[in-house]
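Chemist: Return a 3D structure for these sequence lines:
(one chain, ligands or ions: 1)
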Amino acid sequence: MERLIVKGGERLRGEIDVHGAKNSSLPILAATLLCGGETVLHNCPKLSDVDAAIKILLYLGCDVKRYEDTVIINSDSINSSEIPESLMHEMRSSIVFLGAIISRMNKAKLSFPGGCELGPRPIDLHISSLKKLGVTINEEYGTLDCEAKSGLVGTKINLSFPSVGATENIMLASVMAKGETIILNAAQEPEIIDLANYLISRGAKIKDAGKSTVIIEGVSELKSTEYRVMPDRIVATTYISAVSITGGDVLIKDVNPDDLESVIPVFEQAGSKLKVYKDSIFVSGPSIIRPVKNIRTMPYPGFPTDAQAPIMAMLTLSSGTSVFVENIFESRYKHAGELVRMGADIKVEGKVAIVQGVEKLYGASVEATDLRGGAALCIAALAANGETKINNIGHIDRGYESIEQALGRLGAKIVRE
Ligand code: UD1
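Modeler: A predicted model of the protein is given here:
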């Protein structure tokens, strides 16, 4: 088992590029299945979740080649509509393949993704929406057996919660359905816009992606395309947290500052100085980190749940009390217990976490419990006294391209063992 060894105390300095977004690469890779033809996808990050998505494409019969961060997918030769359980289990978000497979093959069979490290992760909204589009779904022994005998037909779908994955699945299933689909209370995350822009580059007709009501007019074919994935806004947030906790000075390049509108004020309240340019941000960390009173995770454009753990790590060293309210996922405070092992003072009660700043963190042996929680431990370790060993780093590799190399280039003492 690999682990990260971090010797804390170095101020981060220099420049760093943010890689492409995991959360838009995955639905875009699924979308390549919708119609034959070729997609040349640039800025596609080298992550284990992306590898898992590519394995699914290969299993289904696609031709996939990777050259550094460019992935070329040709789905002319797709010959299966089933994803085996072993591949479904490699990545929970593989449920996003369902809408694309059913659209292309009029049937799909995959295992139920089940719970995950963030607590139960139901897919009821995915299922009820696909049913509305004309899919019959049999759920038996943990398998979803889906069929759309007469093809998919556009309709109006009102989501009871703006689920990112359900919105993506509806978009994928409706882009080539007959007629018009209207999604009400759709998720508005930037990754939804990125997926729509990719589909539009192939000739799809999608209006108002990124707004609460999205209108999709089905088309009968999609063409080949070349597309660049958006920068990863959560990786950018993680780097800003890392620079801030070490009091460093770093130019973070290849970011879209508009996507960070809800997190930038939090860093400013904490005392970081951010100079925002068109596609980069210069961050100067504070000498004393100030607490942030109230951070509530919300669907976009609210504060992102994925940024909660990295920013909590930064605020463990603040000069006062910070309060978090996690409104999106249950069980999303598992990193808190590990941060406490490093000397942090965090009390969790249900949705609320109260972080009382401490003067020092101390190196310890800790476990990455999930992707962003693992990144939070790296951030804390950068500022801790002594050496931190972070185990179970497979979670971190799902969403960060060689985090030790990225932070190492900025002067952090961090190695993979
Ligand atoms: C996506 C992101 C994840 C991010 C999350 C919220 C990807 C690959 N992952 O996850 O990083 O943390 O958005 O921004 O893009 N829910 C239901 N029923 C459903 C679907 C969701 O109850 O059918 C609930 C979930 O349990 C959760 C909430 O809705 O409590 C948000 O989930 P959702 O927006 O669907 O997140 P994901 O798409 O899984």
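Chemist: Give me the nearest residue to E15, chain neighbours excluded.
Modeler: Among residues not flanking E15 along the chain, L251 sits closest, at 4.5 Å (CB to CB, 6 or more residues apart in numbering). Glycine gets a C-beta too; all of them are placed from N, C-alpha and C.
Chemist: Quick check: the gap between L57 and the ligand.
Modeler: Distance, L57 to the ligand, using CB to the nearest ligand atom, to the nearest Å: 16 Å.
Chemist: for S287, that is, sorry about that
Modeler: Taking CB to the nearest ligand atom, one finds S287 at 32 Å from the ligand.
Chemist: surely that residue meets G247?
Modeler: Yes. Between S287 and G247 a contact is recorded at 5.9 Å, counting by CB atoms under 8 Å.
Chemist: neighbour count winner among the two?
Modeler: G247 (18 against 7; other CB atoms under 10 Å).
Chemist: Looks to me like I5 is in a helix.
Modeler: No. Looking at I5 with DSSP: H, G, I helix; E, B strand; the rest coil, it is strand, so not inside a helix.
Chemist: List the contacts of the residue lying closest to D63 once chain neighbours are set aside.
Modeler: Distances taken as CB to CB, 6+ apart put N74 closest to D63, at 4.4 Å, once the chain neighbours are dropped. Taking CB atoms under 8 Å, 6 or more residues apart in numbering as the criterion, N74 is in contact with 36-39, 62-64.
Chemist: From those, list the buried ones, please.
Modeler: The neighbour count (16 or more other CB atoms under 10 Å) marks 36-37, 39, 62, 64 as buried among those.
Chemist: bridging residues for V323?
Modeler: N294, I354 (DSSP bridges).
Chemist: And G20, by the same measure?
Modeler: Going by DSSP bridges, G20 forms beta bridges with P231.
Chemist: Neighbours of it, how many?
Modeler: Quick note: G20 (other CB under 10 Å) scores 25 neighbours.
Chemist: thought it was touching D232?
Modeler: Yes. Using CB under 8 Å, G20 is in contact with D232, at 6.3 Å.
Chemist: Are there residues contacting both of those two? Which ones?
Modeler: Common neighbours of G20 and D232 (CB under 8 Å, 6+ apart) are P45.
Chemist: Same list (the contacts of N74) but as TSV, adding distance to S163.
Modeler: Compiled in TSV, these are given as follows (distance: CB to CB, whole Å):
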residue	distance to S163
G36	29
G37	29
E38	30
T39	25
C62	26
D63	32
V64	28
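Chemist: Tabulate those residues in JSON lines, adding columns for distance to the ligand, secondary structure and pLDDT.
Modeler: Below are these laid out as JSON lines (distance: CB to the nearest ligand atom, whole Å; DSSP: H, G, I helix; E, B strand; the rest coil; pLDDT from 0 to 100):
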{"residue": "G36", "distance to the ligand": "25", "secondary structure": "coil", "pLDDT": "93"}
{"residue": "G37", "distance to the ligand": "24", "secondary structure": "coil", "pLDDT": "96"}
{"residue": "E38", "distance to the ligand": "24", "secondary structure": "strand", "pLDDT": "98"}
{"residue": "T39", "distance to the ligand": "18", "secondary structure": "strand", "pLDDT": "98"}
{"residue": "C62", "distance to the ligand": "20", "secondary structure": "coil", "pLDDT": "98"}
{"residue": "D63", "distance to the ligand": "24", "secondary structure": "strand", "pLDDT": "98"}
{"residue": "V64", "distance to the ligand": "19", "secondary structure": "strand", "pLDDT": "98"}
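Chemist: got a pLDDT number for the residue nearest to D63?
Modeler: The model reports N74 with a pLDDT of 98.
Chemist: Check the one 3 residues further on too.
Modeler: Looking at S77, its pLDDT reads 95.
Chemist: Spatially nearest residue to it, not counting backbone neighbours?
Modeler: G61 (5.0 Å).
Chemist: residues contacting that neighbour?
Modeler: Applying CB under 8 Å, 6+ apart, the residues contacting G61 are 77-80.
Chemist: P162: which of the residues you listed is nearest?
Modeler: Nearest to P162 among the contacts of G61 is I78, at 30.5 Å by CB to CB.
Chemist: Just say helix, strand or coil for I56.
Modeler: Classified using three-state DSSP, I56 is helix.
Chemist: rewinding a little: so the residue nearest to E15 sits in a helix?
Modeler: No. In this structure, L251 is strand, not part of a helix, as judged by three-state DSSP.
Chemist: which non-adjacent residue is nearest E261?
Modeler: In space, E261 is closest to P301, 6.7 Å off (CB to CB, 6+ apart).
Chemist: I'd guessed that neighbour sits against L260; true?
Modeler: No. At 10.8 Å, P301 does not count as touching L260 under the criterion of CB under 8 Å.
Chemist: Okay, helices next: where are they in this protein?
Modeler: Using DSSP state H, the helices of the chain run over residues 22-31, 48-59, 85-90, 97-105, 124-132, 164-174, 190-201, 233-246, 264-269, 308-315, 334-341, 371-383, 394-397, 403-409.
Chemist: any chance of those helices in JSON lines, plus mean pLDDT and mean neighbour count?
Modeler: Output for those, formatted as JSON lines (pLDDT from 0 to 100; neighbours: other CB atoms under 10 Å):
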{"stretch": "helix 22-31", "mean pLDDT": "98", "mean neighbour count": "27"}
{"stretch": "helix 48-59", "mean pLDDT": "96", "mean neighbour count": "20"}
{"stretch": "helix 85-90", "mean pLDDT": "89", "mean neighbour count": "16"}
{"stretch": "helix 97-105", "mean pLDDT": "97", "mean neighbour count": "25"}
{"stretch": "helix 124-132", "mean pLDDT": "96", "mean neighbour count": "19"}
{"stretch": "helix 164-174", "mean pLDDT": "98", "mean neighbour count": "27"}
{"stretch": "helix 190-201", "mean pLDDT": "98", "mean neighbour count": "23"}
{"stretch": "helix 233-246", "mean pLDDT": "98", "mean neighbour count": "29"}
{"stretch": "helix 264-269", "mean pLDDT": "98", "mean neighbour count": "18"}
{"stretch": "helix 308-315", "mean pLDDT": "98", "mean neighbour count": "29"}
{"stretch": "helix 334-341", "mean pLDDT": "97", "mean neighbour count": "21"}
{"stretch": "helix 371-383", "mean pLDDT": "97", "mean neighbour count": "29"}
{"stretch": "helix 394-397", "mean pLDDT": "95", "mean neighbour count": "20"}
{"stretch": "helix 403-409", "mean pLDDT": "97", "mean neighbour count": "19"}
